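J.: I'd like to go over a predicted model; first the sequence, then the structure.
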Amino acid sequence: GAVVSQHPSWVICKSGTSVKIECRSLDFQATTMFWYRQFPKQSLMLMATSNEGSKATYEQGVEKDKFLINHASLTLSTLTVTSAHPEDSSFYICSAMGQNTEAFFGQGTRLTVV
Amino acid sequence: SQQGEEDPQALSIQEGENATMNCSYKTSINNLQWYRQNSGRGLVHLILIRSNEREKHSGRLRVTLDTSKKSSSLLITASRAADTASYFCATRGAGNNRKLIWGLGTSLAVNP
């Protein structure tokens, strides 16, 4: 299957700092990318959907200014967690979808804010 | 956003046994997909079944879809310890909406 590379796989940061997570589709053009958050032993919670070249669509309850999403090219989307707080600690997963493909997932990023 | 419900939430079986997981959904779909997730890792796509299909096989996996009941099942035959993981169903709605709606997942433990 297609490859989606997400990094870093884990990051520890201090409260108040910002963290950027990258998601790249390596062998296909990702017209749509999704960012999820997952709490322990729970399902995926969709945070936002981004289409290349346009602003991301955020799900209800997700702060746009807190979780900045950029999808500037067909192979790269980034999620920046701004002014991180301990409650932002979580597992973040990106997913990329081509024009006529199923969704392929990155390996996930474990964020710990101390 | 969640609409899928999966049962059981947790399943523990012995190696060699079959494992069956069920998924129900609420709205019309374009397709239904099953994913696997090992602890703390990303998701691996297992199989996709379209709304006009009733059954699909891939290796030891068998997926059925009953659109009249809005439900799907995933059967893993001759399970192995390496099949231990969480399994999620996800539906893609009809129309242009590309979002996947996720089930809550089934945690499968295959004991050697």
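T.: Now that the structure is in, tell me what you want to look at.

J.: Could you measure from residue B:70 over to chain A?
T.: 18 Å (Cβ to the nearest Cβ, to the nearest Å). Bear in mind the C-beta positions are built from the backbone N, C-alpha and C, glycine included.

J.: List the residues that contact the residue nearest the centre of chain A.
T.: Centre of chain A computed as the mean C-alpha position; nearest residue by Cα atoms, centre = their mean is residue A:35, 3.7 Å away. Residue A:35 makes contact with A:23, A:46-48, A:50, A:56, A:67, A:69, A:77, A:79, A:92-95, according to Cβ atoms under 8 Å, 6 or more residues apart in numbering or on different chains.

J.: ditto for residue A:26
T.: Residue A:26 is in contact with A:2-5, A:75, counting by Cβ under 8 Å, 6+ apart.

J.: and which of those residues is nearest chain B?
T.: The shortest approach to chain B among the contacts of residue A:26 belongs to residue A:4, at 8.1 Å (Cβ to the nearest Cβ).

J.: Please name the residues that touch the closest one.
T.: Residue A:4 makes contact with A:23-26, A:30, A:94-96, A:104-106 under the criterion Cβ under 8 Å, 6+ apart.

J.: Secondary structure, pLDDT and distance to chain B for the contacts of residue A:35 - can I get that in CSV?
T.: Compiled in CSV, the contacts of residue A:35 are given as follows (DSSP: H, G, I helix; E, B strand; the rest coil; pLDDT from 0 to 100; distance: Cβ to the nearest Cβ, whole Å):
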residue, secondary structure, pLDDT, distance to chain B
A:23, strand, 96, 11
A:46, strand, 94, 6
A:47, strand, 96, 11
A:48, strand, 95, 10
A:50, strand, 90, 11
A:56, coil, 91, 13
A:67, strand, 97, 16
A:69, strand, 94, 15
A:77, strand, 93, 14
A:79, strand, 97, 14
A:92, strand, 97, 10
A:93, strand, 96, 6
A:94, strand, 96, 9
A:95, strand, 94, 8
